[in-house]
Every structure is written in structure tokens, then in C-alpha cells.
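**Student:** got a sequence here, can you model it:
(one chain, ligands or ions: 1)
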Amino acid sequence: MASTYMRAAGYHLHVLRLVGGLYSRCQFNTRRHMTKFKAAGLASSGKAVDVGKDEGTGLGLKKAPVIIVGAGPVGLTLAILLTKLGVRTILLEKKLKLTDHPQAHFLNNRTMEIFRRINGLGHEIEDQQPPMEHWRRFVYCTTLAGPILGLVDHLQPEDMAMHRSPTGIAHFSQHHLVRLLLKHAFDLGIVVHEVSRMPPMCSNSQSSNIGEIYMGHELKSLHANSSGVTTRVLSFETKVETVMHGSYLVAADGAGSIVRKIMGVEFEGEADMQKLINVHFRSKALGRHLARTNPGMLYFVFNARAIVVIVAHDLRSGEFVAQLPYYPPQQNFEDFSPEVNSRSMKIYIH
Ligand SMILES: Cc1cc2nc3c(=O)[nH]c(=O)nc-3n(C[C@H](O)[C@H](O)[C@H](O)COP(=O)(O)OP(=O)(O)OC[C@H]3O[C@@H](n4cnc5c(N)ncnc54)[C@H](O)[C@@H]3O)c2cc1C
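**Tutor:** Sure, this is the predicted structure:
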């Protein structure tokens, strides 16, 4: 299955994996802050509303049972699942908008089983993903238009016969997935504070007590004690810091997690297995050509001038990512300008 590729390319196999965990009940050592929280009358639960201003610093103060850091697939999914269970969350995302880069694209069975439970999300993915004929094969070739060295079909009938699940696997790029997750969060009544849109995007129900997502808000620090976790959050737009308090904080802030670093959790395994430049490009003509002649999910291109993996995110829209390995100190990231990359594409395609 696609795990062969995931392992070979050194990727995380499971797109949906909590990077961190529930962090609480650690030493909170800033006495000054503790006093402020008592003065503000915080309990361990309450509505996600501004409960006052600190006179000394002008900081707003917000609280919720669970604060989630990071609106990637993990953080968004968790916010939705907790909301469905009646647990209100504040989700912080430092970027102003969700990523446009396709990133991951293969959804494994367990992930789809979880999505199946989210109000039709699993079906939406199944409906919107490219046809399986487009992504069941890995192709080994000298160029995309050149001779085929080998083909591996990872979805043989016997593979399908082994299914013991009400859902299948899926092929759906991460930049589409996170937008779909955001839509589901919104449909559940979660208020999305987008910096570019004021007032906040609200669902029909206006039930802002369910939860909130703050785009353009970066977690800068956290302190945890027996009553929960207190964070300082910087708004990209206003440059104002807000203090937020949660009974729990979940680190869904990706591979470079600041939460992990603040908590002193060591990174296990090899951090830098390979350096890759990802070139995201669109060509409807190439997509159409490959769909007709040689459809596949991954094209491993080997020739005398290049070794590259081209991920076909969607042959229908002609959306691809070429993954080019590079080798410091002989090569540097800066060597790969858009012009150089565009010239290189010809070597991979023709
Ligand atoms: C270029 C690229 C290509 C990839 N291709 C593949 C692939 O083909 N297959 C595969 O399986 N995986 C791939 N991955 C890996 C996959 O994208 C990740 O495993 C996945 O994104 C992890 O999801 P996540 O929700 O845990 O974290 P992320 O998606 O990394 O989301 C974390 C979020 O937290 C936010 N954040 C970070 N710090 C803070 C902070 N202090 N305050 C507030 N917000 C913060 C970030 O802005 C980000 O939006 C790729 C990754 C990259 C970068």
C-alpha cells in the first residue's frame, strides 16, 4: 500500500496523529501571573469570552476548557470532535490563512473512519477525491512522457478483499482537507476569527459559546499548574498579547512544535532525514495527458540528470508537486530559484 512510499520518503504515515498530547498539571512558577488569575476570578471552566482587562498590561483574558494550538488537520479535527462531544475549545493558528500547499494527500483507513463520524465529511472526501483509477499506481519512469520502467498497482482486488472497515482509503490533498474541516467547524457553530474579516465569521446559530478559532494568533508562551494552563497569545494584526487559560492545552502545532520545546519534551528519532525542495505547479494539459496514458499517484523519475518524485495530487485539475532532493553543503536552498526549478521541470517531464 501507500505506506511503502511514505516510509521510503521518510514521511509520517498517519496524517492524523496528535503531535503532542494533553499538557497540564506542570509547575507554574510565575507568582505574578498566579495573582492576576485569582483577581480575575478564574475557575477551570467557563465561556470563551473576554473576562476582563489587566489594568497593568492592557491584556485581554480569555478562557476555555481546552486550548488547541495549531489549525492543521490534527488541530481542526480535534476541535470538531470535542465540539461534537460538547467540549468548548479555543483553537489558535499563527498563520493568517490556512495553507495553500498540498502537503499530504493519502488518507489511511483509520483517518477515514474518524472522518466518517464527522457529519458526512467522509462522504464529501469520497465524492471530491480523484477517481481511484488516477491514483492506485506508482510509476517508475525516465521522464513523465518517457519510457516506463515499472508500474506497481497498490490496490489489487486481494488488497481490497482484506478490508475490514466500513470506509476505504482516500486520496485528498491537505490544502483541500483543511478547508473542508474549517467548513465543518463553522457548520457546528464554531466562530472563526479571521483577521481579514471583521466582525468574526459566525455560523447561523451565532452560538459563540461552542468554540472559537483565532487565525493570525500565535502562542508565545505557556505556564501550567494544577488548575490548568495559561498562555500568552500574540495577534499578528494588532501586535497585542492576550492571556488565555485552559484546563487543558493540546499541542497540534506540527513538527517544530513550540509547545514541545517549552515543555522540554525531547524530539525522538532522526530530525533531518533528507532535504527536499517542493515545487508546486499546475498543468491541466499534463494532467489530461497522464490521465489518458499513464495515470498514477507517484512518479519516480530517474534519468542521468535528475532523480525526483512527482506527486500527482489531482490529474483532473493538473495539480502536481515535484519533490527534489538536495544535498548541503554542496547545494543550498537558495540555489533553487523559480527559474531554475522551471527549467528543471522540462527534464522531468519531456
Ligand atoms: C511540504 C510538505 C509536504 C508534505 N507531504 C506529505 C506527504 O506527501 N505525505 C504525508 O503523509 N505527509 C506529508 N507532509 C507532512 C504532513 O503535512 C504533516 O504530517 C501534517 O501537516 C501534520 O499535521 P498537523 O496538524 O499535526 O500539523 P501541521 O499541519 O504542521 O499544523 C500545525 C499548525 O500549527 C500552527 N502553529 C505552529 N506553531 C504555532 C504557534 N506557536 N501558535 C499558533 N499556531 C501555531 C502552524 O502554523 C500550522 O498551521 C508534508 C509536509 C510538508 C511541509
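
**Student:** from here on, contacts and neighbour counts on C-alpha atoms
**Tutor:** Fine.

**Student:** and the contacts of the longest helix seen in the chain?
**Tutor:** In the chain, with assignment by DSSP state H, the single longest helix is helix 174-187. Residues from elsewhere that reach helix 174-187 (C-alpha atoms under 8 Å, 6 or more residues apart in numbering): 72-73, 76-77, 79-80, 98-105, 118-119, 121, 125, 192, 202-203.

**Student:** can you turn the buried part of those into a ChimeraX selection?
**Tutor:** To isolate the buried ones among the contacts of helix 174-187 in ChimeraX, judged by 16 or more other C-alpha atoms under 10 Å, type:
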select :72,73,76,77,79,80,98,102,104,105,118,121,125,192,202,203
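
**Student:** also near the ligand: which of the contacts of helix 174-187, exactly?
**Tutor:** 72-73, 103-105 (C-alpha under 6 Å from any ligand atom).

**Student:** among the residues you listed, which are in strands?
**Tutor:** Using DSSP state E, no member of those falls in strands.

**Student:** please flag which of those sit within helices.
**Tutor:** Members of those lying in helices (criterion: DSSP H): Pro73.

**Student:** farthest-apart pair in the ones next to the ligand among the contacts of helix 174-187, please.
**Tutor:** With distances taken as C-alpha to C-alpha, the most widely separated pair in those is Gly72 and His105, at 13.5 Å.

**Student:** burial of Pro166, as a residue count?
**Tutor:** Under the neighbour criterion other C-alpha atoms under 10 Å, Pro166 is assigned a count of 9.

**Student:** go on, the one 3 residues further on?
**Tutor:** Other residues lying near Ile169 total 18 when counted by other C-alpha under 10 Å.

**Student:** other SSEs contacting the helix or strand containing Val233?
**Tutor:** Element membership for Val233 (DSSP states H and E) is strand 228-235. The contact analysis (3 or more C-alpha pairs under 8 Å, 6 or more residues apart in numbering; DSSP states H and E) places strand 228-235 against strand 217-225, strand 241-251.

**Student:** how near is the nearest residue to Val233 once chain neighbours are set aside to the ligand?
**Tutor:** Leaving aside its chain neighbours, Val233 sits nearest to Leu219 (4.5 Å; criterion: C-alpha to C-alpha, 6 or more residues apart in numbering). Distance of Leu219 to the ligand, computed by C-alpha to the nearest ligand atom, to the nearest Å: 4 Å.

**Student:** residues contacting Leu219?
**Tutor:** 69, 92, 94, 231-234.

**Student:** and of those, the nearest to Met112?
**Tutor:** Nearest to Met112 out of these is Val69 (C-alpha to C-alpha; 22.9 Å).

**Student:** got the contact list for the closest one?
**Tutor:** Counting by C-alpha under 8 Å, 6+ apart, Val69 touches 75, 91-93, 219, 249-253.

**Student:** let's go with 6 Å and repeat that
**Tutor:** Val69 is in contact with 91-92, 251-253, counting by C-alpha atoms under 6 Å, 6 or more residues apart in numbering.

**Student:** repeat for Ile210
**Tutor:** Contacts here follow C-alpha under 6 Å, 6+ apart; on that basis Ile210 touches 88, 190.

**Student:** which residues sit against stretch 146-159?
**Tutor:** Counting by C-alpha under 6 Å, 6+ apart, 1, 136-141 sit against stretch 146-159.

**Student:** mind listing what's buried in that stretch?
**Tutor:** Under the neighbour-count criterion of 16+ other C-alpha under 10 Å, stretch 146-159 has His154 buried.

**Student:** for the residue most central in space within the chain, phi and psi?
**Tutor:** In the chain, the residue lying closest to the centroid (C-alpha atoms, centre = their mean) is Gly72, at 2.9 Å. With angles defined as degrees, to the nearest 10, Gly72 sits at phi -90, psi -170.

**Student:** just give the closest residue to it, not the sequence neighbours.
**Tutor:** Spatially, and ignoring its direct neighbours in sequence, Gly72 is nearest to Val178 (6.6 Å; C-alpha to C-alpha, 6+ apart).

**Student:** model confidence for the one you found, exactly?
**Tutor:** You'll see Val178 listed with a pLDDT of 97.

**Student:** over to Gly150?
**Tutor:** 94.

**Student:** phi, psi of it?
**Tutor:** The phi/psi pair for Gly150 (degrees, to the nearest 10) reads phi -170, psi 160.

**Student:** please tell me how far it sits from the ligand.
**Tutor:** Distance from Gly150 to the ligand, by C-alpha to the nearest ligand atom: 21 Å.

**Student:** do I have it right that Lys63 meets Thr242?
**Tutor:** No - using C-alpha atoms under 6 Å, Lys63 is not in contact with Thr242; the gap is 10.5 Å.

**Student:** out of these two, which sits in the busier spot?
**Tutor:** Per other C-alpha under 10 Å, whichever of Lys63 and Thr242 has more neighbours is Lys63, with 27 against 22.

**Student:** what kind of secondary structure is the more buried one in?
**Tutor:** strand (DSSP: H, G, I helix; E, B strand; the rest coil).

**Student:** in the sheet, who's paired with it?
**Tutor:** Per DSSP bridges, the residues bridged to Lys63 are His245.
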